[in-house]
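A.B. asks: just need the structure, nothing else, for what follows:
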Amino acid sequence: MNKHRICTTISEKHWELLKKFKAKYETQQKTIEFALENLVNDQKKSHAISHEEQIWQHVLQHNAICLMHKEVILELIRTADFEQIKKLMAAKKTAEHLLTLYYQKPLKKCSLMEVLDGVILLFKAENLTDSILYTDDGDFYTLKIVHSLNENSSRMFNVFVESMFEDYGLKTESEVSEKSLFMKIYKDQKIIVKNQA
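C.D. replies: Coordinates of the predicted model:
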């Protein structure tokens, strides 16, 4: 192993630290090498986390979800009673709740772009879709979800997103197929949200 000589000066504070750790690591050389190795390891640990990781961390902090194996979720979706799911999602406001947790403000105070971006992040974090994006198509945005699951999954995704946009006050129009959901979200066509007592 090649050795390289270094010669430098350090502050009094760092000299005291070097002396302290030299007692633990035996030599100045081993102390400096250990410190440098830890700098490299710390950089690896502190990589920038993705938006999906951020949303998972944020939602998990609030105990808003529980984790289940993907196959269990798919079986639940396959056998779901969609009328009951619709009622439950309307009552619990699942998507709205998750976005409120993520943005830390009421859904109505979020911009439409925040809501759309939030929906994308939620679906990416769930890891059930093959692709999800939205496009600006003039008078409306089109949310495009493609997956390799089943038609019940498309219907479930539709219920999840549609109820949230209804709560937000926007009209939607969906085309649901076995492997996809295409939803138009109209920018200026507001719907009247019924008071839920």
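A.B. asks: with adjacent residues omitted, what lies nearest to residue 160?
C.D. replies: Nearest residue to residue 160, sequence neighbours excluded (C-beta to C-beta, 6 or more residues apart in numbering): residue 95, at 5.4 Å. Just so you know, the C-beta spots here come from the backbone N, C-alpha and C atoms, and that holds for glycine as well.
A.B. asks: for the protein, what's the longest strand?
C.D. replies: In the chain, taking DSSP state E as the definition, the longest strand is strand 180-190.
A.B. asks: name the residues that touch that one?
C.D. replies: 112, 116, 134, 137, 139-147, 154, 157-158, 161-162, 165, 169-175 (C-beta atoms under 8 Å, 6 or more residues apart in numbering).
A.B. asks: where does the residue nearest to residue 160 sit: helix, strand or coil?
C.D. replies: helix (DSSP: H, G, I helix; E, B strand; the rest coil).
A.B. asks: same check on residue 155?
C.D. replies: Of the three states, residue 155 takes helix under three-state DSSP.
A.B. asks: how is this protein carved up into domains?
C.D. replies: Per automatic domain parsing, the domain ranges recorded for the chain read 12-45, 51-190.
A.B. asks: most tightly packed of those domains?
C.D. replies: Comparing these by mean neighbour count (mean count of other C-beta atoms under 10 Å), domain 51-190 comes out on top with a mean of 16.
A.B. asks: confidence-wise, which of the domains of the chain is weakest overall?
C.D. replies: Lowest mean pLDDT of the domains of the chain: domain 12-45, a mean of 80.
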